[in-house]
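> sharing a model prediction with you, sequence too.
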Amino acid sequence: MNYKKHLKDCLSFWLDNSIDYENGGIFTSLDMDGNIYGREKSVWFQGRALWTFSKAYNVIDQNPEYLKAAKTIYEFLPKCTDIDGRMFFTVTEDGREIQKRRYYFSETFAAIGCAEYYKATGEEAVLADAEKFFTVAYECFTGIRKNVPKTNPENCNMKALSPVMIMLSTAQTMRSIRNEERYAQIAEECLNEILHGGFLTEKALMESVSADGKFVDAPSGRVVNPGHSMEAAWFLMMEGIITKNQAAVDAGKRIIDITWPLGWDEKHGGIIAFTDVCGKPPVQLEWDMKLWWPQCETMIALSMAYMLFKEDKYKKMLKKIEEYCSTYFLDHDNGEWYGYLHYDNTVSTTLKGNIFKGPFHIPRMYMIMSIMEEYGEIGRYV
């Protein structure tokens, strides 16, 4: 797979169809041909797309169109931010609030977007925004800023993997622009929580456990999200590479080894969306669907494992999923990937983007893979 060419094609699809040079920001509700079918804007993707175009400019190709798009998105961020410093979840095309959620992922994505844009521009105001968004996200993460809990903690006191792994990745990005002890400490805390907080078991990396790190024998406690597991695996390996922590690298390898059998569909191919670690019926109706992003995270994890350990099994697994994605996800005629396939790999919907799918997981995978392929290591990406 020619990762660099596919990256250029993918980013061109979004540059040609989604950047709103009138109001600012980016649309992500694009159909198969790139036509806009919905004009509300995902705030997640203002930060994510800002990161993507800035990162591509910084490490792949200093294309002025990438920087132009990034500038337009960056200047839209204030409209996506409430007076309390928290960000919205969706806004109108001109930046008025539609929905605000308890989750603080909008802030983490804005932080990494501003951080990477700062690398491209050197503008101190952009750095200040990165630090501002990170601080808000971290205050939510630690509970300094109170959010209404998703469940009643007196009756169901559980903790989730996804906030920890996203905070790890966000701290890694912040540390790359300002190597402060604060970011290194936060990254280490998140690393330790993933490794020792009860999520990593002999059978799987669990999506949720009790607040004190115990397995919960309930549908919500038995869930494994193979895409998250593979993503966490390469986050850990990346942290191990950066900090020369072999235990983190080895843990990432172990997560890949226990996740692949749970996630890979031996009959039809592809990584499924969810499974139950005990083999009981998954409660998610989309459990056996194939979504775009778990395939991307699995490809990164396998490629990184092969780079680090040189075991042929990872190369063989990578080839299987590459061929699978090229056959079923990649739209060779119109560009980009379909996002959602049924269990048998028929296309569920022909959309190329929505409030959750846009220019992030796929171009991030293409960037990482092209760098590892060209340089044989990952340092340029960091």
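Sure thing, it's come through. Every value quoted in this text rests on a predicted model; they were computed, and no experiment measured them. Numbering: from 1, shown residues only.

> where do the strands sit along the stretch 251-382 of the chain?
275-276, 290-291, 340-341, 347-349 (DSSP state E, counting those that start in this stretch).

> which strands or helices does the second one pack on?
It refers to strand 290-291. strand 340-341 (3 or more C-beta pairs under 8 Å, 6 or more residues apart in numbering; DSSP states H and E). Every C-beta, even on glycine, is put in place using the N, C-alpha and C of the backbone.

> and the strand it packs on, how far from the chain's centre?
Distance of strand 340-341 from the chain centroid (C-alpha atoms, centre = their mean, to the nearest Å) equals 18 Å.

> which secondary structure elements does it sit against?
strand 290-291, strand 347-349.

> looking at the ones you listed, which is buried most?
strand 290-291 (a mean of 24; mean count of other C-beta atoms under 10 Å).

> avg pLDDT for it?
For strand 290-291, mean pLDDT rounds to 98.

> show me the shaky parts of the stretch 1-150 of the chain.
Judged by pLDDT under 70, the stretch 1-150 of the chain has no weakly predicted residues.

> go again using 80 as the cut-off
The stretch 1-150 of the chain contains residues with pLDDT under 80 at 148-150.

> what segments of it are helices?
3-17, 43-59, 64-74, 105-121, 124-142 (DSSP state H, counting those that start in this stretch).

> how far off helix 124-142 does the third one point, in degrees?
With axes from the mean of the first three to the mean of the last three C-alpha atoms, to 10 degrees as the criterion, the two stretches helix 64-74 and helix 124-142 enclose an angle of 60 degrees.

> hmm, residue 87 is touching residue 113, no?
No: Residue 87 is beyond contact range of residue 113, at 11.4 Å (criterion: C-beta atoms under 8 Å).

> so how far is residue 336 from residue 69?
Using C-beta to C-beta, to the nearest Å, one gets 16 Å for the distance from residue 69 to residue 336.

> typo on my end, residue 85
34 Å.

> compare the two and say which is more crowded by neighbours.
residue 336 (28 against 13; other C-beta atoms under 10 Å).

> for the more buried one, give me the pLDDT.
The model's pLDDT for residue 336 equals 97.

> dump the C-alpha coordinates for stretch 13-20 into CSV.
Output of stretch 13-20 as CSV, limited to C-alpha atoms (Å, rounded to 0.1, in the frame of the first residue of the first chain):
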residue,chain,number,x,y,z
PHE,A,13,-10.8,14.8,-0.6
TRP,A,14,-11.3,16.9,2.5
LEU,A,15,-9.6,20.0,1.1
ASP,A,16,-11.7,20.0,-2.0
ASN,A,17,-15.0,19.5,-0.2
SER,A,18,-15.1,20.3,3.5
ILE,A,19,-13.2,23.5,4.4
ASP,A,20,-15.6,26.4,5.1
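
> which residues sit against it?
26-28, 30, 34-36, 41, 49, 65-66, 69, 72-73, 76, 93, 335-336, 352-353, 358-359 (C-beta atoms under 8 Å, 6 or more residues apart in numbering).

> of the residues you listed, just the buried ones, PyMOL syntax please.
Remark: buried members of the contacts of stretch 13-20, expressed as a PyMOL selection using 16 or more other C-beta atoms under 10 Å:
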select buried, resi 26+27+28+30+34+41+49+66+69+72+73+76+93+335+336+352+353+358+359
